[in-house]
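> Quick one: sequence and predicted model below, then my questions.
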Amino acid sequence: MVREKLKVALSGIYEKIQASELSIAQKKQCIRIFRLPVNFVKDNRLRQSMLMQELFNQDIKVYPGMAIDLEIQELLFLKMNFCKMKIFNLKKRILNAGSFSLNQIKQLLKWNTLRMAINSKIVTANMGLVMAMARYVNYAGVEFTELVSDGGITLMRATDKFDYTRGCKFSTYACRAILRTMSRTARIWYRHRKMFPAQLEPDWEKVDLIDHRNEQEFEEMIEEIKVILDHNLANLTETEQAVIRLRFPFLDDEAERVTLKEAGLIIGLSKERIRQIQNKSLTKLRTTMQQRITF
């Protein structure tokens, strides 16, 4: 029911955008903003108007190949997170009302442009990571430019998804994502070379592109679940969280999967009770994910 209402609301918004006096480029940008989910990280500093105003008055310069201070990098992520919060709130108000004012659209475009500009600065400052990883992996026969291209795309996605409030270094987070992408690129390339020694068939390239996209979507889903669990956005009880982490080890790099019976022995409940808790927890997680994607 909620999803149907959302579809109807979005359809109405799209029609009004197309009928507005906005330029073609602005219309395309607006529709893209509403189609793609925009989430922000909860941070008390976002509510400090004086601090945020002072922060946005600062013009932080970034140059290719020049590393930036960790403190400056955190400020960039804070600024980008503030832009995401503004976009999130504007989208929510517009969708709830089913209509928009020209001023709201101008604000939406303004904050989205700022968000992309800050994202570009962070990517520019960290492109050295992509070059370093491409040289480090040294996959024989794989084009260096292809590794750099895929690594650059991954860096942009990692920049947009990084949670700076968790205390993890962005370079560590980004390098892991870049290495996974380059490894996947090499596997696809070697698979093609094995099947088509002379040349690559376009149809097979399309199949591998779909596989690549599906793997990326799965990884994004896992990252989203991790965020929900780490911040307990689904309001899971301690027992529910324990069951999920025991039963789904891919949410914790060092964990090993256990059976329902083993989870019951660890927690002190019956196998059937663990199954019930698991199903209830998954429903909560699924609902929370849908709500976050909606807005």
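Structure received.
> can you pull out the strands in the chain?
Assigned by DSSP state E, the chain shows no strands.
> can you pull the contacts of residue 280?
Listed by Cβ atoms under 8 Å, 6 or more residues apart in numbering, the contact partners of residue 280 are residue 240. Where C-beta positions appear, they are placed from N, C-alpha and C, glycine not excepted.
> Then residue 62?
68, 121, 122, 124, 125.
> will you turn those residues into CSV that also has pLDDT?
Shown next, in CSV, are the contacts of residue 62 (pLDDT from 0 to 100):
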residue, pLDDT
68, 76
121, 89
122, 89
124, 87
125, 86
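> Specify which member of those is nearest to residue 282.
residue 122 (34.1 Å; Cβ to Cβ).
> Okay, the residue lying closest to that closest one once chain neighbours are set aside and residue 131: tell me how far apart.
Leaving aside its sequence neighbours, residue 122 sits nearest to residue 159 (Cβ to Cβ, 6 or more residues apart in numbering; 4.9 Å). Going from residue 159 to residue 131 by Cβ to Cβ, to the nearest Å gives 16 Å.
> the longest helix in the chain is where?
Scanning the chain for the longest helix, with DSSP state H as the assignment, gives helix 102-137.
> Show me what that helix is packed up against.
Other elements packing on helix 102-137 under the criterion 3 or more Cβ pairs under 8 Å, 6 or more residues apart in numbering; DSSP states H and E are helix 24-35, helix 70-97, helix 144-161, helix 170-195.
> picking that back up, wait, doesn't the residue nearest to residue 122 sit right on residue 177?
No - the pair residue 159 / residue 177 is not scored as a contact, 10.0 Å apart, by Cβ atoms under 8 Å.
> quick one: the closest residue to residue 224 other than its chain neighbours and residue 222, what's the gap?
Of all residues not flanking residue 224 in the chain, residue 289 sits nearest, at 6.1 Å (Cβ to Cβ, 6+ apart). With the distance defined as Cβ to Cβ, residue 289 ends up 11 Å from residue 222.
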